[in-house]
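Novice: Make a model of this:
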Amino acid sequence: MPSPEKKASVIVIGSGLGGLASACTLAARGHHVTVIEANDWLGGKAAEWREGGYRFDMGPTILTIPRVLKRIFQEAGADMHARLDLRRLDPQWRCFFEDGNQIDLQQDVENMVQVLEELCTGDGEGYRDLIAASRNLHDISEKFFFWKSVGGIEDTLDLGSSFTLRTLRDVLRLRMDSTFAKEIRKRIQNPQAAQMLDHLTQYVGSNPFAAPAVLLGIAHMQMHDGIWYPMGGTRAVPEALVQLATELGVAFRTKTRVRKILMKNQRACGIETQTGEHLAADAVISNMDSVRTMRELLHDVPTKKFEQKWGRRKPACSGVVLYLGLDRAYEHLAHHDFVFSRDPEDEFDSIYNKGIPAPDPTCYLAAPSKTDPSVAPPGGEALYVLVHTPWIHAGQNWQDLFPHYRQVILDKLKRCGGMPDLEDRIRVEHHLTPQDIHERYSPLRGAIYGLASHGRINGAFKPANRSKEVAGLYLAGGATHPGAGMPMALMSGWIAADCLDQDLKTSGQL
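Specialist: Model prediction:
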């Protein structure tokens, strides 16, 4: 192992947002970094598809909390705004309902107070109280949860030195006896407004009726920090990080699949590729799905404790994604839209409990042409449609399921989304099913968001960034702490890199 004065050689498995954040952070601190990527592109799910003059972001389409990304650029003394043109979006979402009603989720809290009060007396004050509670939960998360390696409540507190009465009050304010949906409905009586706010949990692909109340902190983050669109699409984010990493000396190897993590004296010491090549390193960061990393890449390494804690947790949902190049734009759509199901409890029960595609799904739409005309030919639209589905269950063949479910989705959009001529307007089309997602990105059972955030106490937690089973192994990405979504995946990469760097500084060992 290198001494504290020396720098480490690090291999990062996977070039998703978490892996790129790790690579940039470590390289900015002087370490020697090589990123190993199985696919022939860099950026993981933040990929793109182009056809016939249309350009689509294939994975994430919503950027929130840009200060996380800014911090990664600052590690290298780089100005994020000089490298990315970010545009704030308001309304943040436009919501369409079966009965023809429409609600815009606006960034300004007082504007939303007025909108919700007009829909249902008392909901305005309820929303104001909801945002206040969300701010408190976010503040607690900043204190105990973010920017550090956390794999459970025991990691959030130093019981020996910092557990005071004030800390106890903070823990009690986490509302561990409640769920996300319950906290919404304590304050919001209008069912459509509640359904709109429920979908804040879709950043982590979880059921709001089972997700912990602490996730309400997402509401404050979204209202305070805003929703942003990087010109050129969210694909611009990994491209900017790859450019920064290259400037810092990071080496990239694409089309190289990892077979296993090598061990020496019970420490990670490199990787073996599928072709049998051995690459040595002082430490390894895996941006691959955390459960699959522990199950598939650690040969002959006991991971019983990890499996007992995380192997029994169900994956989050997967999804069907349609990429529709249209010969017209729909003026009534905002940049981000939801076309909601009639019955959210039935919808979530289908996806998370029954394990079947919801008969009446909620459709998320990204219609970016008004913000970024370059995504489509003049007058056209690059419409992105995401419908959450169960993770891959035994007996489900998405090659057979897709044609019918595609029509369910299109019929929903024609009926409720104000696009009766949608099918006639399609000029190019592409799609991903849960099986495609599983094969393309290697998540656990096609789950887009890692493990489901279900359970009132443990639901907010994901596997820690510093492996407790293997010295010298660190975990990054949306399937690890602090969770899914662009800012959280980026933060996970920074945390993994920071843990590695701090371990080296404090002990000279990783």
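Novice: tell me which element Gly404 is part of?
Specialist: Not Gly; residue 404 is His. Under DSSP states H and E, the secondary-structure element containing His404 is helix 398-416.
Novice: how far does the helix or strand following that helix sit from the chain's center?
Specialist: Read in the C-terminal direction, the helix or strand following helix 398-416 is strand 426-432, with elements assigned using DSSP H and E. Going by C-alpha atoms, centre = their mean, to the nearest Å, the spacing between the C-alpha centre of strand 426-432 and its chain's C-alpha centre is 24 Å.
Novice: Please name every helix or strand in contact with the next helix or strand after strand 426-432.
Specialist: Under the assignment DSSP H and E, the closest C-terminal helix or strand after strand 426-432 is helix 434-441. Using 3 or more C-beta pairs under 8 Å, 6 or more residues apart in numbering; DSSP states H and E, the elements in contact with helix 434-441 are strand 318-326, helix 398-416. C-betas here are computed from N, CA, C, even on glycine.
Novice: residues making contact with whichever helix or strand comes after helix 434-441?
Specialist: Scanning the chain past helix 434-441 towards its C-terminal end, the next helix or strand to appear is strand 473-475 (assignment: DSSP H and E). Applying C-beta atoms under 8 Å, 6 or more residues apart in numbering, the contact partners of strand 473-475 are 22, 261, 268, 283-286, 290, 293, 298, 463-467, 481, 492, 496-497, 499-500.
Novice: mind listing which of those are in strands?
Specialist: For the contacts of strand 473-475, the ones inside strands are 261, 268, 283-286, with DSSP state E as the criterion.
Novice: quick one: which of the residues you listed is nearest Ile13?
Specialist: Ranked by distance to Ile13 (C-beta to C-beta), those are led by Ser286 at 4.5 Å.
Novice: what are the bridge partners for that closest one, then?
Specialist: Counting by DSSP bridges, Ser286 forms beta bridges with Ile13, Leu475.
Novice: The strand or helix carrying Ile72: which residues count as buried?
Specialist: With elements delineated by DSSP H and E, Ile72 resides in helix 66-75, which encompasses its position. By 16 or more other C-beta atoms under 10 Å, the buried positions in helix 66-75 come out as 66, 68-69, 71-73, 75.
Novice: pLDDT averaged over the helix or strand following that helix, what's the number?
Specialist: Using DSSP H and E, the helix or strand that follows helix 66-75 towards the C-terminus is helix 80-83. When pLDDT is averaged along helix 80-83, the result is 97.
Novice: and what of stretch 193-200?
Specialist: In this model, stretch 193-200 has an average pLDDT of 96.
Novice: Going forward, count from 11.
Specialist: Renumbered: residue one is now 11, and that last one reads stretch 203-210.
Novice: In PDB, could you pull the C-alpha coordinates for that stretch?
Specialist: This file holds the C-alpha atoms of stretch 203-210, laid out as PDB (Å, rounded to 0.1, in the frame of the first residue of the first chain):
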ATOM      1  CA  ALA A 203     -52.600  17.200  -5.900                       C
ATOM      2  CA  ALA A 204     -51.600  14.300  -3.500                       C
ATOM      3  CA  GLN A 205     -50.900  12.100  -6.500                       C
ATOM      4  CA  MET A 206     -48.800  14.800  -8.100                       C
ATOM      5  CA  LEU A 207     -46.700  15.100  -4.900                       C
ATOM      6  CA  ASP A 208     -46.500  11.300  -4.500                       C
ATOM      7  CA  HIS A 209     -44.400  11.200  -7.600                       C
ATOM      8  CA  LEU A 210     -41.400  12.800  -5.900                       C
END
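Novice: Any chance you could list what contacts it?
Specialist: Residues from elsewhere that reach stretch 203-210 (C-beta under 8 Å, 6+ apart): 103, 105, 107, 113, 115, 126, 129-130, 133, 137, 140, 190-191, 194-195, 198, 218, 225-226, 228-229, 232, 348, 350, 354, 372.
Novice: swap in stretch 220-230?
Specialist: Counting by C-beta under 8 Å, 6+ apart, residues outside stretch 220-230 touching it are 140-141, 143-145, 147-148, 150-151, 184-186, 188-194, 207, 210-211, 213-214, 216, 358, 362, 462-467, 469-470.
Novice: now those residues: which count as buried?
Specialist: Neighbour counting over the contacts of stretch 220-230 (16+ other C-beta under 10 Å) leaves 140-141, 143-145, 147-148, 150-151, 184-186, 189-191, 193-194, 207, 210-211, 213-214, 216, 358, 362, 462-466, 469-470 as the buried ones.
Novice: Select from these every entry located in helices.
Specialist: 140-141, 143-145, 147-148, 150-151, 190-191, 193-194, 207, 358 (DSSP state H).
Novice: and which of those is nearest Arg437?
Specialist: Of all those, the one with the least separation from Arg437 (C-beta to C-beta) is Phe358, at 34.1 Å.
Novice: Looks like the closest one contacts Ser216 (just checking).
Specialist: No. Counting by C-beta atoms under 8 Å, Phe358 does not reach Ser216; the two are 9.1 Å apart.
Novice: so what pLDDT did the closest residue to Leu343 other than its chain neighbours get?
Specialist: Closest residue to Leu343 in three dimensions, ignoring its sequence neighbours and counting by C-beta to C-beta, 6 or more residues apart in numbering: Ala377, at 4.3 Å. Ala377 carries a pLDDT value of 98.
Novice: how much space between Val480 and Thr35?
Specialist: 21 Å (C-beta to C-beta, to the nearest Å).
Novice: higher neighbour count, those two?
Specialist: Thr35 (26 against 22; other C-beta atoms under 10 Å).
Novice: OK, contacts around the more buried one?
Specialist: Thr35 makes contact with 82, 85, 503-504, 507-508, 511, according to C-beta under 8 Å, 6+ apart.
Novice: Can you pick out the most distant pair from the buried residues of helix 76-85?
Specialist: Taking every pair in the buried residues of helix 76-85 and measuring C-beta to C-beta, the maximum separation is 15.2 Å, between Pro76 and Glu85.
Novice: I figured Ile361 hits Ala368, correct?
Specialist: Yes. Using C-beta under 8 Å, Ile361 makes contact with Ala368 at a distance of 5.7 Å.
Novice: Next, show the common contact partners of the two.
Specialist: Here Ile361 and Ala368 have 398-399 as joint contacts, going by C-beta under 8 Å, 6+ apart.
Novice: where does the stretch 161-310 of the chain have low pLDDT?
Specialist: 163-186 (pLDDT under 70).
Novice: would you list every one of the helices in it?
Specialist: In the stretch 161-310 of the chain, the helices defined using DSSP state H, counting those that start in this stretch lie at 163-166, 175-182, 190-197, 201-208, 227-235, 246-257, 300-302.
Novice: Go through those helices and name the closest to Cys327.
Specialist: Each of the helices of the stretch 161-310 of the chain was checked against Cys327 via C-beta to C-beta, and the shortest separation belongs to helix 201-208, namely 13.9 Å.
Novice: what comes up buried for the closest one?
Specialist: Applying a neighbour-count criterion of 16+ other C-beta under 10 Å, the buried positions in helix 201-208 are 202-208.
Novice: Redo these as JSON lines? Include distance to Gly456.
Specialist: Shown next, in JSON lines, are the buried residues of helix 201-208 (distance: C-beta to C-beta, whole Å):
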{"residue": "Gln202", "distance to Gly456": "30"}
{"residue": "Ala203", "distance to Gly456": "32"}
{"residue": "Ala204", "distance to Gly456": "29"}
{"residue": "Gln205", "distance to Gly456": "25"}
{"residue": "Met206", "distance to Gly456": "27"}
{"residue": "Leu207", "distance to Gly456": "27"}
{"residue": "Asp208", "distance to Gly456": "23"}
